[in-house]
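Q: sequence and computational prediction follow.
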Amino acid sequence: MNRCSTALSTGLFAALLIALPLSAQSQSGTRDFPAKALRGTLVVVQPPNVTMDERATRLAPGARIYNTNNSLVMSSSLLKKKVVVNYTLDLRDQVQNVWILTEAEAKEKRAGFGVERNYVFESQQPKPAASTN
């Protein structure tokens, strides 16, 4: 019985030594995103329907949404919220993986679909200078 408990405690100690560097890496605050990940603004309209940069699309079956702590988040908890994310698409152009970004991560430059328009809203036009008469 004594040998069994010694082996068990040795095994637990070894498991802790292996897991310790992994937990330190996850708490470092930096995340490595895939090179093909795009930047966008996600709004969950009605799961699985979402808009990504004002374009209607869907979450892929089995899509994963990670919060800033890399914990999984259910899409229904983000209903009607606008969040800045990095994301990947599957072969059907459906959103497969989503990472909600911290403020520091959002400042980093990354390609995205973006919104391209061939017009300018009146609110986006520069204000004319006030004339002095």
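A: Thanks, I have it. Numbers count the residues shown, from 1 in each chain.
Q: please count neighbours and contacts with C-alpha atoms only from this point.
A: Will do.
Q: what is the longest strand of this structure by residue count?
A: Using DSSP state E to define each element, the chain has its longest strand at strand 55-66.
Q: so which bits of the helix or strand following it are buried?
A: Next helix or strand after strand 55-66 toward the C-terminus (DSSP states H and E): strand 82-89. Neighbour counts over strand 82-89 (16 or more other C-alpha atoms under 10 Å) mark 83-89 as buried.
Q: helices and strands around strand 82-89, which ones?
A: Applying 3 or more C-alpha pairs under 8 Å, 6 or more residues apart in numbering; DSSP states H and E, one finds that strand 82-89 contacts strand 38-46, strand 95-100.
Q: output these in a markdown table, with mean neighbour count, distance to Arg110 and mean pLDDT appended to each entry.
A: Below are those laid out as a markdown table (neighbours: other C-alpha atoms under 10 Å; distance: least, C-alpha to C-alpha, whole Å; pLDDT from 0 to 100):
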| stretch | mean neighbour count | distance to Arg110 | mean pLDDT |
| --- | --- | --- | --- |
| strand 38-46 | 21 | 6 | 95 |
| strand 95-100 | 22 | 13 | 97 |
